[in-house]
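A.B. asks: Any chance you can model this:
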Amino acid sequence: MNHEVLIVDDHPLYRAALKGAVATACTDCEFVEADSVASLFDALEEHPHTDLLLLDLNLPGAYGFCALAHLRGSHPELPVVVISATDDPHTVRQALAFGALGFISKSADAGTIGSNVLAVLDGECVSPAGVGANADSQMDIATLDLAQRIAQLTAQQFRVFGMLCLGRLNKHIAYELQITEATVKAHMTAILRKLGAANRTQAVLLAGRLLLDPHQIRPLPEDID
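C.D. replies: The predicted structure is shown next:
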């Protein structure tokens, strides 16, 4: 039986290299590709029986570990392997704590990538040599609770949430998602409730806990109506 593997990375050359590495090790794999968070959601809707997701940690719109946390809630049965050039022990352990079944460094050779993917398809957990799979000792309960709250968002709510984190106004979110501002406001109300945030600014600050670099937090515009 063929395995369906979804590769999500915004760099086409790396997607091609990753596909080649996996195809060499797994001759019965079929591939689907996505280059953004939006196309990731579309691909999962079109391919509900995906066997493995290879997710670029620095994917635009992923907002650090937020996309991973959301995926663990929306698709708990789908194994996710994080792919990243940021492969220090703290980042690796964070990814595993947030629900990734594996972590592969972008510096890994093709053979290592292929063997790791095969291992995950067999139900194993993989990580770079020398990095244990235990959750990071600095991962506090509040941050893990936040990840679980983000996991409760629907796909459309996560799209709105991601654009909120980028500092978009309601009218801009409505335009880009082709929905009404009233719908955006309804999503925003649900997002704040699920995150336990009092307002939009607090929601963005909370999400900053899941960023690789907290300095990436963008201040929200004053006019948010």
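
A.B. asks: list the buried ones in stretch 56-70?
C.D. replies: If you call a residue buried by 16 or more other CB atoms under 10 Å, then stretch 56-70 has these buried ones: 56-57, 59, 61-70. From N, CA and C alone the C-beta is placed, and that goes for glycine too.

A.B. asks: Now, these that are in strands?
C.D. replies: Residues from the buried residues of stretch 56-70 lying in strands, with DSSP state E as the criterion: residue 56.

A.B. asks: Looking at pLDDT only, which of the buried residues of stretch 56-70 scores worst?
C.D. replies: Across those, the smallest pLDDT goes to residue 61, namely 81.

A.B. asks: ok, it - contacts?
C.D. replies: Each residue near residue 61 by CB atoms under 8 Å, 6 or more residues apart in numbering is listed here: 36-38, 67, 162, 166.

A.B. asks: Excluding covalently adjacent residues, which one is nearest to it?
C.D. replies: Leaving out its chain neighbours, the residue that sits closest to residue 61 by CB to CB, 6 or more residues apart in numbering is residue 37, at 3.7 Å.

A.B. asks: about what we covered before: can you lay out the buried residues of stretch 56-70 as a markdown table showing distance to residue 205?
C.D. replies: Converted to a markdown table, these look like this (distance: CB to CB, whole Å):
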| residue | distance to residue 205 |
| --- | --- |
| 56 | 25 |
| 57 | 21 |
| 59 | 22 |
| 61 | 19 |
| 62 | 18 |
| 63 | 13 |
| 64 | 13 |
| 65 | 15 |
| 66 | 13 |
| 67 | 18 |
| 68 | 19 |
| 69 | 16 |
| 70 | 18 |
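
A.B. asks: which of the contacts of residue 61 count as buried?
C.D. replies: Under a neighbour-count criterion of 16+ other CB under 10 Å, the subset of the contacts of residue 61 counted as buried comprises 37-38, 67, 162.

A.B. asks: Would you point out the most distant pair within those?
C.D. replies: Taking CB to CB, the two most distant members of the buried ones among the contacts of residue 61 are 38 and 67; they sit 11.0 Å apart.

A.B. asks: So which residues of the chain form helices?
C.D. replies: Secondary structure of the chain, counting by DSSP state H: helices at 12-25, 37-46, 66-74, 89-97, 110-121, 141-150, 155-165, 170-177, 181-195, 200-207.

A.B. asks: Determine the number of other residues adjacent to the closest residue to residue 154 other than its chain neighbours.
C.D. replies: With sequence-adjacent residues excluded and distances taken as CB to CB, 6+ apart, residue 154 is closest to residue 74, at 7.5 Å. The number of residues packed around residue 74, counting by other CB atoms under 10 Å, is 16.

A.B. asks: Surely residue 74 is in contact with residue 152?
C.D. replies: No: with contacts defined as CB atoms under 8 Å, residue 74 does not count as touching residue 152, sitting 9.0 Å away.
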